[in-house]
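Asks: no sequence on this one, just coordinates:
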């Protein structure tokens, strides 16, 4: 169980105290899905973080269209109406012996980007 008054990256495994600015951003993003809070939370991401630590920071994703890739949307849209979305990748590509690119799901943060996602 998490201690009251401190924010942790996970209650069991990732017991890392967050700076108060990230605690505030985490709460605001979870309540309002506001872009400003999402941008602040991106500052807490580190490549190689375990997937559980990323989810402890950002919350549950809006969707994961494929294994190893998840989306966190915001309340803002670009001029085309596309939603500003954080895409996190827990996978990387490797070249197979046949010359094809294969994705390997590592369950660690391999890449992330914030930008418009539309249909």
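Replies: Looks like it arrived, so ask away. A quick note: this is a predicted structure, and the numbers were derived from the prediction, not measured.

Asks: how far off centre is the helix or strand harbouring residue 31?
Replies: Residue 31 belongs to helix 20-32 when assigned by DSSP states H and E. Remark: helix 20-32 is offset 14 Å from the chain centroid, using CA atoms, centre = their mean, to the nearest Å.

Asks: quick one: mean pLDDT for stretch 104-119?
Replies: Across stretch 104-119, pLDDT averages out at 94.

Asks: buried residues in it, which are they?
Replies: The neighbour-count check on stretch 104-119 (16 or more other CB atoms under 10 Å) flags 108-110, 112, 117 as buried. Quick note: C-beta positions are derived from backbone N, CA and C, even for glycine.

Asks: for the protein, name the helix or strand with the lowest mean pLDDT.
Replies: helix 20-32 (a mean of 91; mean pLDDT, DSSP states H and E).

Asks: any idea of the angle the next helix-or-strand element following that helix forms with helix 20-32?
Replies: Going down the chain from helix 20-32, the next helix or strand is helix 35-42, by DSSP H and E. Between helix 35-42 and helix 20-32, the angle comes out at 130 degrees (axes from the mean of the first three to the mean of the last three CA atoms, to 10 degrees).

Asks: ok, and for the next helix or strand after helix 35-42, which residues are buried?
Replies: Later in the chain than helix 35-42, the nearest helix or strand by DSSP H and E is helix 51-58. Buried positions in helix 51-58, judged by neighbour count with 16+ other CB under 10 Å: 51, 53-58.

Asks: include pLDDT and distance to residue 23 when you put those residues into TSV, please.
Replies: TSV is the format used below for the buried residues of helix 51-58 (pLDDT from 0 to 100; distance: CB to CB, whole Å):
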residue	pLDDT	distance to residue 23
51	97	21
53	96	15
54	97	16
55	96	16
56	94	12
57	95	10
58	96	13
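
Asks: closest one of those to residue 85?
Replies: Nearest to residue 85 among the buried residues of helix 51-58 is residue 58, at 11.9 Å by CB to CB.
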